[in-house]
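1. Predicted model follows, preceded by the sequence.
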Amino acid sequence: DPAEAEAWRARAEALLGLPRSTWHPGMTQVAVPDYVSHDGSGSLSVELDPDLDFAQNAEVYFKRAEKILRGAEKIQALLGPAEAELERWRAEAERAERWRLEVEEAQGALSDESAEGLRRFREVMIEEGVI
């Protein structure tokens, strides 16, 4: 989620903006200005690795933000084809429903065109391992 990545990046930037004299070994959290809030007047608590200083913790947060963005890019690359495939199967389901209604209305008979379409549909399902 890009918003989550931005939140990690904002924490990192806020850490880098703190005076070095604020840091002391073993700190587990620190209050930083919340620049992401609408008016910028608030603050938020940032968790710290007590073995790292502000700059090192900020680097960890920047890396988390980048990892989230890379993951989002990979997901988007996979999502497009998956959505297209889903749309294709939805269209096939609509066609199958029309065939079902045709059979119901004709008391068990399909037109030659529908029977051929159903046969092709079955072949596709077999080829794709659905049935």
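-> That came through, no problem. Numbers count the residues shown, from 1 in each chain.
2. In a helix, Ala14, correct?
-> Yes - under DSSP: H, G, I helix; E, B strand; the rest coil, Ala14 falls within a helix.
3. so which helix or strand takes in the residue of the chain positioned farthest from its centre?
-> No residue in the chain sits farther from the centre than Gln107, which is 46.6 Å out by Cα atoms, centre = their mean. Here Gln107 is covered by no helix or strand, with elements defined by DSSP states H and E.
4. This protein: strands as residue ranges?
-> 29-33, 43-47 (DSSP state E).
5. Which of these sits closest to Arg100?
-> Across the strands of the chain, Arg100 has its closest neighbour in strand 43-47 (56.3 Å, Cβ to Cβ). From N, CA and C alone the C-beta is placed, and that goes for glycine too.
6. so the closest one versus strand 29-33, what angle?
-> Orientation note: strand 43-47 sits at an angle of 150 degrees relative to strand 29-33 (axes from the mean of the first three to the mean of the last three Cα atoms, to 10 degrees).
7. Grab the nearest non-local neighbour of Ala96.
-> Leaving aside its chain neighbours, Ala96 sits nearest to Phe121 (7.0 Å; criterion: Cβ to Cβ, 6 or more residues apart in numbering).
8. Wait, that neighbour touches Ala93, no?
-> No - judged on Cβ atoms under 8 Å, Phe121 makes no contact with Ala93 at a distance of 10.3 Å.
9. which of those two has more neighbours?
-> Phe121 (14 against 10; other Cβ atoms under 10 Å).
10. Below-threshold pLDDT in this structure: ranges please.
-> Within the chain, the stretches with pLDDT under 70 are 35-41.
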